[in-house]
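Asker: Everything below, folded, please.
(one chain, ligands or ions: 1)
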Amino acid sequence: MKPNKQLTLMLGGAITLLLAGCAATTPVPDYEALLTQMMSGSFRDEGIAKTERLQQDSVNLACSKAQGAALPDAVAAPLQAAALKSVPKPANGQYLGDWREGEKLAQNGRGMTWTDKSAAPSANGGNCYNCHQISKAELSFGTIGPSLYQYGKLRGVSDPQSAAAAPIVDYTWAKLWNAKAFNACSEMPRFGHGGLLDETQLKHLMALLLDPQSPVNQ
Ligand code: HEC
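Answerer: As a prediction, this is how the structure comes out:
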């Protein structure tokens, strides 16, 4: 069969026009708006899991914008300082609870899904082993975060109530309350700040990390 000359010419012309059009006028899509649209279209409120979780605060926005690169100091420093300033001290001045309860919380990855009934922090676990080695007895742990085995011992904490231990105790409390106070784009959940765990639970985790009796420090 003979090729249809007229059709070939027409097609050629159309393609040339199309290519010229692409080079000259194709607008760059607003990827941020498209992403927001995709995210909000992909989720819905269900039980205790609400889509308001998709809303980013200033530190989330800065880190999203950096796309995995480190933030410049001039951007990170004020965000971290504001986060640190908002960390409250425990109401009764007592930082350490019971490490046995802390270990249970560290093991527990439950909470905050739409199949969970309560949105109260007391219904949540800390899911710490998902990212950290902690006690030596637990062999199943993630490595997104550093090992916390012998956390207190390696930092020379023999009496968590002593003045010598205060800087480590303060730092650990603030890190658990809001990990972004020291590292703006930390991947660690902001347990106190985000209302994921309450003060009592955080104290139990403090004891797990810092109590000399805790298996973590043997
Ligand atoms: C999604 C992963 C993730 C989870 C879950 C997580 N962490 Fe972290 N954590 C990290 C990462 C990553 C770092 C190191 C980077 C940073 O934040 O500075 C870290 C750092 C830390 C540090 C500071 C260590 C140091 O040497 O200064 C402590 C303490 C800590 N985590 C405790 C916990 C505890 C306790 C829990 C559970 C309540 C927990 N983490 C849950 C990822 C996680």
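
Asker: At the contact with the ligand, which residues of the chain appear?
Answerer: 106, 126-128, 130-132, 144-146, 148, 172, 175-176, 179, 182-183, 186-189, 191, 205, 209 (Cβ under 6 Å from any ligand atom). For every residue, glycine as well, the C-beta is placed using N, CA and C.

Asker: Next, the contact list for Pro146, please.
Answerer: Contacts of Pro146 were listed using Cβ atoms under 8 Å, 6 or more residues apart in numbering, and they are His132.

Asker: Look up the pLDDT of it for me, please.
Answerer: At Pro146 the predicted local distance difference test score is 98.

Asker: so where do the strands sit in this structure?
Answerer: Under the criterion DSSP state E, the chain contains no strands.

Asker: Any of the residues of the chain next to the ligand buried? List them.
Answerer: Buried residues within the residues of the chain next to the ligand, defined by neighbour count using 16 or more other Cβ atoms under 10 Å: 106, 126-128, 130-132, 145, 148, 172, 175-176, 179, 186, 188-189, 191, 205, 209.

Asker: ok, and the closest non-adjacent residue to Lys153?
Answerer: Nearest-residue entry for Lys153: Asn217, 4.3 Å, with adjacent residues in sequence omitted and distances by Cβ to Cβ, 6 or more residues apart in numbering.

Asker: same question, Cys128
Answerer: Nearest non-adjacent residue to Cys128, counting by Cβ to Cβ, 6+ apart: Ala106, 3.9 Å away.

Asker: you'd agree that neighbour is up against Asn130?
Answerer: No: Ala106 is not in contact with Asn130 according to Cβ atoms under 8 Å; the separation is 9.4 Å.

Asker: and His132, what does it touch?
Answerer: Contact criterion Cβ under 8 Å, 6+ apart gives Phe141, Gly142, Ile144, Gly145, Pro146, Ser147, Leu148 as the residues in contact with His132.

Asker: so which of those would you say is closest to Leu196?
Answerer: The shortest approach to Leu196 among those belongs to Gly145, at 15.6 Å (Cβ to Cβ).

Asker: Run through the residues that contact the closest one.
Answerer: When contacts are counted by Cβ under 8 Å, 6+ apart, Gly145 touches Cys131, His132, Glu187, Met188.

Asker: Would you mind identifying the helix or strand in this structure with the lowest mean pLDDT?
Answerer: helix 5-25 (a mean of 53; mean pLDDT, DSSP states H and E).

Asker: what's the burial count for Gly68?
Answerer: Counted by other Cβ atoms under 10 Å, the residues lying close to Gly68 total 7.

Asker: Please report the distance of it from Ala77.
Answerer: From Gly68 over to Ala77 the distance is 19 Å, taken as Cβ to Cβ, to the nearest Å.

Asker: what's the closest non-adjacent residue to Met188?
Answerer: The spatially closest residue to Met188, leaving aside those adjacent along the chain, is Ala179, at 3.7 Å (Cβ to Cβ, 6+ apart).

Asker: Any figure for the gap between that neighbour and Ile144?
Answerer: Distance from Ala179 to Ile144, by Cβ to Cβ: 12 Å.

Asker: cool, and Glu32?
Answerer: Counting by Cβ to Cβ, the gap from Glu32 to Ile144 is 26 Å.

Asker: Show me the contact partners of stretch 190-203.
Answerer: Where contact means Cβ under 8 Å, 6+ apart, the residues beyond stretch 190-203 that reach it are 83, 86-88, 90-91, 94-97, 101, 105, 111-112, 121-122, 124, 126, 173, 176-180, 189, 205.
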